[in-house]
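Q: Predicted model and sequence below, questions to follow.
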Amino acid sequence: MTATTWDPNNKNSAIALSGGNLTATASNTSSQAGVRATRVLTGPTYLEYTIGSLTGGTLFVGMCTYGWGFSTTALGADTQGLSYQSSGVVRVNNSTLSTIQTFAATNVVRMAVSLRLQQVWFNVGNGNWNNNASNVPSDNPAVAVGGISYATMAAFNLLPAMSSAGAAGNTNAVTAAFSSSGWGFSAPSGFASPDTCGASGFAVDLPSSTAPYSGPARQDPFSGTYQKKMTLPVAAGAWYGISNNTPNTAVKIWSPAAAATHVSGFVYENGLPVKKIVRLYDHTDGTFLGETTSAADGSYSIPGLGRTNVVAIAFDPTTFNAICWDQVTPV
């Protein structure tokens, strides 16, 4: 699996990448310089930003959508991004959501995101999540309490991001730890790195306002007979533990409120959403039930036609093998 890094193809020209594309250094020759990461968040995600130099202006860390203008718009200045600023302000659409702890050079900023709850938590070093001592230990991502809502953001396809704004001559830098091997602290219980969530092959912690999912799945080149298997629970409004084929670990599936019988999900290639043909078959007798092409954000939905055990297959006619979701229960 390709590790998550800052994306050299989606950055302002004033951003220089180093350290395996994990360190982003902004030499502010313009009013705004930003970069986003290479992988979409697909689960309850934890990561760390180590602040390098911070010589002036404002440094922003957080997350963005594909629509964020990293060359023209400071992170959090519109609905396409959420920023935690060095001043302590957490902002979306230029509106302050919360003012928490400031951070400075050498600090480690910890971030935890729940996509289902549309909430985010920040922590500087080993401090209190969202700098809230009164609710400790309740104000904690592990128990889903005390998060800052980002529901005003434009979309749910989120990527880690940073930006810097200030006068010419300032140099601000951030080194991201997208993998647990680079963490200085432990993730909250139930949260995983962007790399681990992206490789799990299952929908994890998706917004409860959306349809039930049988994905996402990464379409990496693969040879062999390995096949993931899961059954999506029918019960509404509950968490379910599903093995992700890694010893002693599991992922969680959220089954939202009951709806028309469908199989829905996302198709990803190397962590990015793609348009691909998805076909649905009855598992027992092989009857073809329908097909669709996933949308630009990778999402798809196909009616289950009353069947209780189906197979969904995403096809890629070029580089990648097909991805198969077998023994899925439409809900």
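A: Received the coordinates, thanks. Numbers count the residues shown, from 1 in each chain.
Q: CA atoms of stretch 23-41 as PDB?
A: Included here for stretch 23-41 are C-alpha records, laid out as PDB according to Å, rounded to 0.1, in the frame of the first residue of the first chain:
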ATOM      1  CA  THR A  23       7.400  17.900   5.600                       C
ATOM      2  CA  ALA A  24       5.700  20.900   4.000                       C
ATOM      3  CA  THR A  25       7.600  24.200   4.300                       C
ATOM      4  CA  ALA A  26       5.900  27.400   3.300                       C
ATOM      5  CA  SER A  27       8.100  30.300   2.300                       C
ATOM      6  CA  ASN A  28       5.500  33.000   2.100                       C
ATOM      7  CA  THR A  29       6.200  34.900  -1.000                       C
ATOM      8  CA  SER A  30       2.400  35.300  -1.400                       C
ATOM      9  CA  SER A  31      -0.500  35.800   1.000                       C
ATOM     10  CA  GLN A  32      -1.500  32.200   1.000                       C
ATOM     11  CA  ALA A  33       0.300  28.800   0.400                       C
ATOM     12  CA  GLY A  34      -1.300  25.400   1.000                       C
ATOM     13  CA  VAL A  35      -1.100  21.700   0.400                       C
ATOM     14  CA  ARG A  36      -3.400  18.700   0.800                       C
ATOM     15  CA  ALA A  37      -2.600  15.000   1.400                       C
ATOM     16  CA  THR A  38      -2.800  12.200  -1.100                       C
ATOM     17  CA  ARG A  39      -5.500  10.100   0.700                       C
ATOM     18  CA  VAL A  40      -9.200  10.700   1.600                       C
ATOM     19  CA  LEU A  41     -10.100  10.000   5.200                       C
END
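Q: residues of that stretch that come out buried?
A: Buried residues in stretch 23-41, counting neighbours by 16 or more other Cβ atoms under 10 Å, are found at 23-28, 30, 32-41. For glycine as for every other residue, the C-beta is placed from the backbone atoms N, C-alpha and C.
Q: and those residues, which of them are in strands?
A: 23, 24, 25, 26, 27, 33, 34, 35, 36, 37 (DSSP state E).
Q: Those residues: which two are farthest apart?
A: Distance extremes for these: the farthest pair is 27 and 37 at 20.2 Å, using Cβ to Cβ.
Q: Could you report the distance from residue 64 to residue 41?
A: 11 Å (Cβ to Cβ, to the nearest Å).
Q: so what sits against both of these two?
A: 158, 159 (Cβ atoms under 8 Å, 6 or more residues apart in numbering).
Q: could you give the angle of the lengthiest strand in the chain to strand 33-37?
A: Of all the elements of type strand in the chain, the one with the most residues (DSSP E) is strand 45-54. For strand 45-54 against strand 33-37, the angle by axes from the mean of the first three to the mean of the last three Cα atoms, to 10 degrees is 150 degrees.
Q: Downstream of the helix or strand containing residue 300, the next helix or strand is which one?
A: For residue 300, the host element (DSSP states H and E) is strand 299-303. Using DSSP H and E, the helix or strand that directly follows strand 299-303 along the chain is strand 310-315.
Q: could you give the angle of the helix or strand following that following strand to strand 310-315?
A: Downstream of strand 310-315, the first helix or strand assigned by DSSP H and E is strand 323-328. Taking the same axes, to 10 degrees, one finds strand 323-328 and strand 310-315 inclined to each other by 170 degrees.
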